[in-house]
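[1] Sequence first, then the predicted structure:
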Amino acid sequence: MPHQNENALWRSKVIVIHFFIIYLMIYQACRSDRNVDRASRPLSEKAILEEDYVEPGIKWGYIDQQGEIVIKEQFDDCRDFSFGLAAASQKGLWGYIDRLGKWVVPPKYRGSWTYEDGRGRVKILNGKYGYLDGKGALVIDTIWDDAADFKEGFAKVQINNRFQYIDTLGRLITEDSWDQAFGFHSGFVRISNGGWWGLMNSKGVLKIKPMYDAIGDLYGNRLPVQLKNTWGYTDTNGLMIIEAQYEQVTPFQNGVAAVQKNAAWSFIDTSGRFIKKLNGDHITPLGQSRWAIGRQDSMALMDQNGVLLTPFHYSQINKFNEGLAVFSKEGYFGYLDSTGRHAIPNLILLSWDFKNGSARYSIGDGVGFIKPNGKALHDALFPDVRDYFEGLARVQTVGR
């Protein structure tokens, strides 16, 4: 009897395998027919998108700061509100909605993004990029192969594999182009040609010709630069202020930077003068004149003078946002203030940075919002929700 059962089971498996093989053959044939059909009847980009569209089972909407649904879940995807508008998609196409959920720009783009500096980046069906104004009118033609959001009044755009910069009217700030490039920061931008990095200002003037192996973030007229595997600092005119001699450096923060030499960290001032030796393996600026110092697998909070404000008992300390920093201790999350006090105890399973007066958190029953005093912004919890912008947060409530 045992052998008969095993044989029967084997025959059943063989039948299932045969059916699966037949299914795959039919599926591949259908795909081939579909491709042949497409080739024989050229489709528009929109028709192809519509034909390939698969409706998601869970939609997105928006809640207000009381946790109430104010725009019902009807969008395949959406983005944060900015300048009174939010990018949203239906049936594979993107447009913009207002705070009532009504279409200001109907869904007709392959992609649309959050407004920055009064301009909304869009991608048309042929893959080119352009920008809309606050009323949804196209003000910068869709001629770019790639593009980024505006920052400090300028946007990085790409054409023929080269990067350039435009202002909010679409005018190039210089005819020069670059192999690689970043967004503007404090009125300057890092650019690269041939693997060498330099610095350009918002008028398109090269303040530092591409000559460095790498360039870090600019803060307080001090720019970290790397030359032959060592780091130093220049000013924004390219004058070397602190000789390249360090293995690692941080950006300056309120006149102080952390530098590593001969595997040892220390603080220096903007002229390169030594301030204090730091007994740590890695140092990170956190804002508010505070630093995270790490030793092996633990971290502590440190002030600008190198004084420890907490013991080394954290596994994570984020940058400060709106006066508080996320920390992790013993597998749970909380929030530190700049004195090192636990403003919100580590009783949270998941936590995010504060933005616009609240932070997302989870204690296991869903995601909600917490205020800086540790109290919930409202009682509602959601399977998925994002940060508040302009008083609204995008949300999914299925399974709530």
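    In hand now; what should we look at?

[2] When you work out contacts or count neighbours from here on, use the C-alpha atoms and nothing else.
    OK.

[3] For Glu243, see how far away the residue nearest to Tyr219 when sequence neighbours are not counted is.
    Among residues not flanking Tyr219 along the chain, Phe252 sits closest, at 5.7 Å (CA to CA, 6 or more residues apart in numbering). The gap separating Phe252 from Glu243 is 15 Å, by CA to CA, to the nearest Å.

[4] quick one: contacts for the residue nearest to Tyr219?
    Contacts of Phe252 were listed using CA atoms under 8 Å, 6 or more residues apart in numbering, and they are Leu218, Tyr219, Gly220, Arg222, Ala258, Thr270.

[5] mind checking the backbone torsions on it?
    Main-chain torsions, Phe252, degrees, to the nearest 10: phi -70, psi 150.

[6] how much space between it and Asp217?
    Separation of Phe252 from Asp217 (CA to CA): 9 Å.

[7] separation between Lys319 and Ala292?
    Lys319 is 9 Å from Ala292, where distance means CA to CA.

[8] overlap in contacts of those two?
    Common contacts of Lys319 and Ala292, defined by CA under 8 Å, 6+ apart, comprise Pro285, Leu286.

[9] For these two, indicate the residue with more neighbours.
    Ala292 (22 against 19; other CA atoms under 10 Å).

[10] Dump the helix or strand encompassing the more buried one to PDB, keeping only the CA atoms.
    According to DSSP states H and E, Ala292 maps onto strand 290-295. Extracted in PDB, the C-alpha atoms of strand 290-295 (Å, rounded to 0.1, in the frame of the first residue of the first chain):
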ATOM      1  CA  ARG A 290      25.900  69.000  17.900                       C
ATOM      2  CA  TRP A 291      27.900  66.000  16.700                       C
ATOM      3  CA  ALA A 292      27.500  62.200  16.800                       C
ATOM      4  CA  ILE A 293      30.700  60.500  17.800                       C
ATOM      5  CA  GLY A 294      31.000  56.700  17.300                       C
ATOM      6  CA  ARG A 295      33.200  54.000  18.900                       C
END
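
[11] any idea of the angle the next helix or strand after that strand forms with strand 290-295?
    With elements assigned by DSSP H and E, the helix or strand that comes after strand 290-295 is strand 298-303. If you take axes from the mean of the first three to the mean of the last three CA atoms, to 10 degrees, strand 298-303 sits at 150 degrees to strand 290-295.

[12] Kindly indicate whether the residue nearest to Ala147 when sequence neighbours are not counted is helix, strand or coil.
    Nearest residue to Ala147, sequence neighbours excluded (CA to CA, 6+ apart): Val157, at 4.2 Å. Here Val157 is recorded as strand under DSSP: H, G, I helix; E, B strand; the rest coil.

[13] what residue ranges in this structure are flagged as low confidence?
    1-43, 399-400 (pLDDT under 70).

[14] residue ranges for the helices of it, please.
    Ranges of helices in the chain, per DSSP state H, are 2-40, 45-52.

[15] residues in contact with the closest residue to Met200 other than its chain neighbours?
    Excluding the flanking residues, the one nearest Met200 by CA to CA, 6+ apart is Leu206, at 4.4 Å. By CA under 8 Å, 6+ apart, Leu206 lies in contact with Gly198, Leu199, Met200.

[16] Could you do Trp352 as well?
    The contact partners of Trp352, by CA under 8 Å, 6+ apart, come to Val326, Ala359, Arg360, Tyr361.

[17] among those, which ones are buried?
    Among these, the ones that count as buried by 16 or more other CA atoms under 10 Å are Val326, Ala359, Arg360, Tyr361.
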